[in-house]
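Peer 1: Below are the sequence and a predicted model; questions follow.
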Amino acid sequence: MTSPATFGLSKSERLYLRDEINTVFGEGKAFVVYPLRVVYRLGSEHRAAYSSMLVSVAKKRFRRAVKRNRVKRLVREAYRLNKHLLNDVLQERQIYATIAFMVVSDELPDFRTVERAMQKSLIRIAGNVPSSALKNE
C-alpha cells in the first residue's frame with residue numbers, strides 16, 4: 001500500500017508538454033466510462049513518474065469557466081485519491097503511462113460519479129498493462 005505522502009499530485013505527474021500530449025492522442029487507445037473519455041498510452045520510456053495525466057473540459061459542454069474549473073478539480077481529486085490502483089501495477093512491471101481524461105457529460109457531475117468512473121478507468125488501464133516491458137519494444 002502507498003504511504004500518505006504519495007497522495008499528492010506533483011508536476012511530474014501532470015502531462016503538459018505538447019509533444020507528449022500529441023503522442024497520447026495520436027498513438028493512444030481510448031474508451032469511455034461515463035462521464036469520462038479516457039485516452040491512454042503505455043510505454044517503457046523512463047519518466048519521473050509512472051503515470052502522468054491531463055484533464056480537458058470542452059468549452060462547448062460548459063460555457064462558464066467556473067464550471068469547467070470545478071469539473072477539472074473533481075477529476076484531479078478523484079485521480080489523486082485513486083492513482084494507486086494503477087501506479088502499483090505500473091511500478092511492478094516498470095511500465096509508464098500517459099493518460100488524458102476528457103469530460104463528455106453536459107451536466108455538472110457530482111464527486112461520487114466522477115470517482116466511480118475514475119476507479120473503473122484506472123482498473124481497466126491496469127488490466128491492459130503488459131506483464132513485461134519487452135512486449136512493447
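Peer 2: Happy to help now that I have it.
Peer 1: Measure how far the helix or strand of the chain at the bottom of the mean pLDDT ranking is from the centre of its chain, please.
Peer 2: In the chain, the helix or strand scored least confidently by mean pLDDT, DSSP states H and E is helix 84-93, which has a mean of 93. Offset of helix 84-93 from its chain centre (C-alpha atoms, centre = their mean, to the nearest Å): 13 Å.
Peer 1: try stretch 10-23
Peer 2: Per C-alpha atoms, centre = their mean, the centroid offset for stretch 10-23 relative to its chain is 11 Å.
Peer 1: returning to what we had before: show me which residues of the least confident helix or strand of the chain are buried.
Peer 2: Neighbour counts over helix 84-93 (16 or more other C-beta atoms under 10 Å) mark Leu85, Leu86, Asn87, Val89, Leu90, Arg93 as buried. Glycine gets a C-beta too; all of them are placed from N, C-alpha and C.
Peer 1: Any chance of TSV for these, columns distance to Asn22?
Peer 2: As requested, these are exported to TSV (distance: C-beta to C-beta, whole Å):
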residue	distance to Asn22
Leu85	27
Leu86	22
Asn87	24
Val89	26
Leu90	22
Arg93	25
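Peer 1: nearest to Ala65, of the residues you listed?
Peer 2: Nearest to Ala65 out of the buried residues of helix 84-93 is Leu86 (C-beta to C-beta; 29.4 Å).
Peer 1: give the contact list for the closest one.
Peer 2: Contacts for Leu86 (C-beta atoms under 8 Å, 6 or more residues apart in numbering) come out as Tyr50, Ser51, Ala97, Leu122, Ile123, Ile125, Ala126.
Peer 1: Report the spatially closest residue to it, excluding sequence-adjacent ones.
Peer 2: Distances taken as C-beta to C-beta, 6 or more residues apart in numbering place Leu122 nearest to Leu86, at 4.4 Å, with adjacent residues excluded.
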